[in-house]
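*Asks:* Below is the structure, and that's it, no one-letter string:
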Ligand code: PMP
């Protein structure tokens, strides 16, 4: 058996890790707040895996639930048959969702949740006799996964460059995308008017052509960008006025990240649909969900079977093992009060993060709940290089952060202790002082 760092064993088959060939970095175990590397080092997890292991790693309750489910009922066919755990999980989700979001469609990932929500928006308008509403509006720097719908409404032009325009009625900036706020020093006081761009799109295209607006309430993977105060409220107001559905993509912000079950709770704004994944199963088993209001559900799901406007269901939608993992995860969040814990730690987290303000290269710092971003001045002519060096140096110093361009993103598991928060910022202070 080759050693885990022996490159020859990984010469080709796995393609997702683009940097692996240059510098193999492997985790072989994880527990609580720590990963163990292939060469036996402990690395503090400053990112909850990929914004997903909100309860920390290898939690016994979740591990046991998965093992027990696999031994008891490994799979049950969806559609004509069912199994209890999927229904229990749907109820548990409804219990923590913003009021009125009481129907759940299960998927296997964030990307699939986005596709499903976009399709629901179109199907629902159609069922209500408004088939002309086909246009989907996203936001600059929005990230909604890697599938066709998600990259179309996503605001990263590079991700869809080779595919051209993918959905009818969704084109390139600025015709179907709202502007994004970038720098903020926290949550900006001003900028709610950015939402008024939606009025501009309504004037340009006609409200009767617009099906839905999808936004991350707080854009995560493109740099942790805070919505200006009042922005989401204004967006809600404009959507309601024009009969446009508002979809919150909460794949990152869901499950306690911002100190509440969902960002919708934190900001007090109720969308028509919420997409979720990641923290739903604590990042352990692929699973996603779309939460929708009863009005939306009933508009197209209550007809006789042959008249239902929308077909949904993956082979693994709400499959037993994922459902068991999801249930044990939600129980863990509840028993340990982890959403509240994130809220309680917010001030401490903020203070530590902002203590890096005067460090070299730092040009902006943003935070909310247990998420944070340190934006660095890019090196001239070499965008993303400084951010990546920060990631590498932190990793060498025993801390996992994520670099997205020249932004260092942080989102530790919600079980993080104050001493570990101190460790995160002390490590980063040294890293920042050591950067070119
Ligand atoms: N939406 C958002 C807001 C995300 O952050 C992500 C993943 N980072 C996705 C969708 C896609 O999720 P997945 O990678 O599980 O397909």
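*Replies:* Here it is on my side, so go on. None of these values were measured; they are calculated from a predicted model.
*Asks:* Mind giving me the packing neighbours of the helix or strand that contains residue 373?
*Replies:* Using DSSP states H and E, residue 373 falls within strand 371-376. When contacts are defined as 3 or more C-beta pairs under 8 Å, 6 or more residues apart in numbering; DSSP states H and E, strand 371-376 packs onto helix 338-354, strand 362-368, helix 385-396, strand 407-410, helix 418-434. For every residue, glycine as well, the C-beta is placed using N, CA and C.
*Asks:* Just checking the distance from the third one to the centre of its chain.
*Replies:* Centroid separation between helix 385-396 and its chain, computed with C-alpha atoms, centre = their mean, to the nearest Å, is 23 Å.
*Asks:* same deal with the shortest one?
*Replies:* Its chain's average C-alpha position is 14 Å from that of strand 407-410, according to C-alpha atoms, centre = their mean.
*Asks:* outside of stretch 354-369, which residues touch it?
*Replies:* Identification of contacts with stretch 354-369 by C-beta atoms under 8 Å, 6 or more residues apart in numbering yields 183-187, 218, 224-226, 256-260, 266, 342-343, 346, 349-350, 353, 372-377, 386, 425, 428-429, 432-433, 435.
*Asks:* Please repeat the previous calculation with a cut-off of 7 Å.
*Replies:* Stretch 354-369 is contacted from outside by 183-187, 218, 224, 226, 257-259, 342-343, 346, 349-350, 353, 372-377, 386, 425, 428-429, 432-433, 435, using C-beta atoms under 7 Å, 6 or more residues apart in numbering.
*Asks:* and whichever residue of the stretch 201-350 of the chain sits closest to the ligand, how many neighbours does it have?
*Replies:* Relative to the ligand, the nearest point of the stretch 201-350 of the chain is residue 251 (3.5 Å; C-beta to the nearest ligand atom). Per other C-beta atoms under 10 Å, the neighbour tally for residue 251 reads 28.
*Asks:* Ramachandran angles for it?
*Replies:* phi -60, psi -40 (degrees, to the nearest 10).
*Asks:* residue contacts, it?
*Replies:* Neighbouring residues of residue 251 by C-beta under 7 Å, 6+ apart: 110, 113, 275, 276, 277, 278.
*Asks:* quick one: the second one is in a helix?
*Replies:* Yes. Secondary structure of residue 113 (DSSP: H, G, I helix; E, B strand; the rest coil): part of a helix.
*Asks:* Surely it is in contact with residue 278?
*Replies:* No. In this structure residue 113 lies outside contact range of residue 278 using C-beta atoms under 7 Å: 9.9 Å.
*Asks:* of the two, who's got more company?
*Replies:* Neighbour tally, residue 113 and residue 278, criterion other C-beta under 10 Å: the higher count belongs to residue 113, 32 against 28.
*Asks:* check contacts around the more buried one.
*Replies:* By C-beta under 7 Å, 6+ apart, residue 113 lies in contact with 107, 251, 275, 276, 277, 288, 289, 290.
*Asks:* May I have the secondary structure class of the nearest residue to the fourth one once chain neighbours are set aside?
*Replies:* In other words, residue 276. The shortest distance from residue 276 to any non-neighbouring residue, by C-beta to C-beta, 6 or more residues apart in numbering, is to residue 254 (4.5 Å). The local conformation at residue 254, judged by three-state DSSP, is coil.
*Asks:* Which single residue in the stretch 1-150 of the chain comes nearest to the ligand?
*Replies:* Closest residue of the stretch 1-150 of the chain to the ligand, C-beta to the nearest ligand atom: residue 110 (2.2 Å).
*Asks:* Would you enumerate the residues in contact with that residue?
*Replies:* By C-beta under 7 Å, 6+ apart, the contact set of residue 110 is 145, 251, 275, 277, 278, 288.
*Asks:* measure it to residue 199 for me?
*Replies:* Distance, residue 110 to residue 199, by C-beta to C-beta, to the nearest Å: 29 Å.
*Asks:* Near the ligand, which residues of the stretch 251-400 of the chain are found?
*Replies:* Within reach of the ligand by C-beta under 6 Å from any ligand atom, the stretch 251-400 of the chain has these residues: 251, 252, 277.
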